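Asker: next one to model:
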Amino acid sequence: MTNYETLQNKVKGENINSQTLLATDYINHFNEVHMLLDMLPSMPECIEDILEWAPKKYQEHFADSVFTAKDLAIEAYNHSPDEYRLPFEETITKMDELVLSTVAQVCQYPEEDTHQDTQRIIDDYSPKMITLIEKCGAIINGEKHVAAKDRIDHYFDEDTEKLDGEDLSQNAIDDLFG
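Answerer: Presented below is the predicted three-dimensional model:
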């Protein structure tokens, strides 16, 4: 049995996806700052808590958390298949960058400014962050963002005269354009 298969068995019953070996609890690191940023235009005092936020690697988050299976989450992450872990890490990088750039923007305006500038910044930030949080959750729950080359090649290796379009399932078509 491989490490991946062993960990798939170990995570059963835990809040860790057995396919991706990733846990949605990590998204809480972003949900908290996202909520604070959304409240900032009407509650400027939130800036103090926002400024305390800093990017955290997946393993750091769990090492510092009260998540019941935190050690297992850290161990499992090291065996998460690249097809999930790499897009996950790419999405996390984008989320970190978005939060940090948004915080830098809102800090440019003096406190005595109206909340209009802050609201404009948050209005730009919020839908982007929601999209990234949703994408992150989808990856954690097993959504693949890139079709594997061998799965695509498989469709072109078949006798094309036999393929009239009806032979391909919607999943096959989605794989081609994934």
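Asker: burial check on Met95, number of neighbours?
Answerer: Neighbourhood size, Met95 [other C-beta atoms under 10 Å]: 22. In short, each C-beta sits where N, CA and C put it, glycine included.
Asker: now do the contacts for it.
Answerer: With contact set as C-beta atoms under 8 Å, 6 or more residues apart in numbering, Met95 has these partners: 30, 129, 132-133, 136.
Asker: out of those residues, which two sit at the greatest distance?
Answerer: Met129 and Cys136 (10.2 Å; C-beta to C-beta).
Asker: joint contacts of those two?
Answerer: In contact with both Met129 and Cys136: 30, 95, using C-beta under 8 Å, 6+ apart.
Asker: domains of the protein: list them as residue ranges, please.
Answerer: 3-146, 147-178 (automatic domain parsing).
Asker: quick one: mean pLDDT for the shortest one?
Answerer: Put plainly, it is domain 147-178. Averaged across domain 147-178, the pLDDT comes to 48.
Asker: re the thing from before, winner for burial among the domains of the chain?
Answerer: Neighbour counts (mean count of other C-beta atoms under 10 Å) averaged over each of these peak at domain 3-146, with a mean of 16.
Asker: grab the most central residue of the chain for me.
Answerer: Cys136 (1.9 Å; C-alpha atoms, centre = their mean).
Asker: and it, helix, strand or coil?
Answerer: Of the three states, Cys136 takes helix under DSSP: H, G, I helix; E, B strand; the rest coil.
Asker: now it: closest residue in space, sequence neighbours ignored.
Answerer: In space, and not counting its chain neighbours, Cys136 is closest to Thr91: 4.8 Å by C-beta to C-beta, 6 or more residues apart in numbering.
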